[in-house]
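# Compute the structure for the input listed below.
(2 chains)
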Number of protein chains: 2
Amino acid sequence: MIYDITDDDLRLRVARFLRSKGLKRIQKSAFIGPLTSSERTNLVAGLKRLVRGYDKVNIQVYPLTEASYNRRVVIGVQLDYEEDDELIT
Amino acid sequence: MIYDITDDDLRLRVARFLRSKGLKRIQKSAFIGPLTSSERTNLVAGLKRLVRGYDKVNIQVYPLTEASYNRRVVIGVQLDYEEDDELIT
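Numbering: from 1, shown residues only, chains lettered A, B, ... in the order given. Reported below is the predicted structural model:
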């Protein structure tokens, strides 16, 4: 799942929510995790609740098959991210 | 495909390269497009050339099935992006 969230506090809360659901951060604005279909449904419901009342929010959730995941290509280096949603450079 | 690219000029060049290959921006750091397997291979090769010599680059390319794409969930509003890689708020 990927997000564009302008509000700093909301973005941090969304990131923490995603981690609490077992997803891990793979980029500054991208998380991934092995969810069942019903877990994904719950995740989406929780995200909708979290962002209610905010504009300038765009969150996209893409279900990936295991085959798709295994065929991913990663270019460059692994970047590290602090808990507080900041890129460590 | 999603990216974290610290260098402003490189990020802009990567975005333009992706557009030139028929991908469209779906978030600030995410593009999508209907590529064949060989087009995806060429895209990855081109990206590797572009980012050569840069550190603090992470690009991830995930092949999506049509079924996965059709099951995506989008929360929030459509945000607009300028050609110059800046979020219009």
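# Please name the nearest non-neighbouring residue to the most centrally placed residue in chain A.
For chain A, the residue nearest the mean C-alpha position is residue A:31 (3.4 Å; Cα atoms, centre = their mean). Residue nearest to residue A:31 in three dimensions, not counting chain neighbours: residue A:23, with 4.1 Å by Cβ to Cβ, 6 or more residues apart in numbering or on different chains. Every C-beta, even on glycine, is put in place using the N, C-alpha and C of the backbone.
# measure that neighbour to residue B:13 for me?
Applying Cβ to Cβ, to the nearest Å, the value for residue A:23 to residue B:13 is 30 Å.
# So which of the two has more stuff around it?
Per other Cβ atoms under 10 Å in any protein chain shown, whichever of residue A:23 and residue B:13 has more neighbours is residue A:23, with 18 against 15.
# from memory the more buried one sits against residue A:40, does it?
No. With contact defined as Cβ atoms under 8 Å, residue A:23 does not count as touching residue A:40 (10.4 Å).
# and residue A:54, which of the three is it?
Three-state assignment for residue A:54 (DSSP: H, G, I helix; E, B strand; the rest coil): coil.
# Mind telling me what element the closest residue to it other than its chain neighbours is part of?
Of all residues not flanking residue A:54 in the chain, residue A:10 sits nearest, at 5.6 Å (Cβ to Cβ, 6+ apart). For residue A:10, the host element (DSSP states H and E) is helix A:8-20.
# do residue A:60 as well
Per DSSP H and E: strand A:57-61 holds residue A:60.
# Can you name the next helix or strand after that strand?
Next along the chain after strand A:57-61, taking DSSP H and E as the criterion, comes helix A:66-70.
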